[in-house]
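Participant: This is a predicted model, with the sequence first.
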Amino acid sequence: MMGSGIAYACAMAGLEVVLKDVTLEQAEKGKSYTEKVLRPRVGKGRMTEADLGGDAGAYPPNDEG
């Protein structure tokens, strides 16, 4: 969870991020953290659905070494 939180913070700061893990499944799980954190902002009107897609897609998951 720590790595996905760091990746989220960096992506929100505008940095290009690649979320890497031992398996692609684990990397995807880490990436889902971003949507979990941002979804309430959409519900409260602080961000649009399009913004969510852009920020959540800001870093591709990867399992290549």
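Facilitator: Perfect, I can see it now. Since this is a predicted model, take the numbers as computed values, not measurements. Numbers count the residues shown, from 1 in each chain.
Participant: Nearest spatial neighbour of Glu64, chain-adjacent residues omitted?
Facilitator: Spatial nearest neighbour of Glu64, chain neighbours left out: Lys20 (7.7 Å); criterion: C-beta to C-beta, 6 or more residues apart in numbering. In this view, the C-beta of every residue, glycine as well, is placed from N, C-alpha and C.
Participant: so what pLDDT did the one you found get?
Facilitator: Listed pLDDT for Lys20 reads 82.
Participant: hang on, isn't it packed against Glu28?
Facilitator: No - with contact defined as C-beta atoms under 8 Å, Lys20 does not reach Glu28; the gap is 11.8 Å.
Participant: What ranges in the protein fall below the confidence cut-off?
Facilitator: Residue ranges of the chain with pLDDT under 70: 1-2, 53-61, 65.
Participant: now the strands: where do they sit in it?
Facilitator: For the chain, strands defined by DSSP state E occupy the ranges 19-20, 61-62.
Participant: Could you identify the longest helix within the protein?
Facilitator: If you go by DSSP state H, the chain has its longest helix at helix 24-43.
Participant: and the nearest residue to Asn62 once chain neighbours are set aside, what is it in contact with?
Facilitator: Nearest non-adjacent residue to Asn62, counting by C-beta to C-beta, 6+ apart: Lys20, 4.8 Å away. Applying C-beta atoms under 8 Å, 6 or more residues apart in numbering, we find Lys20 in contact with 27, 61-64.
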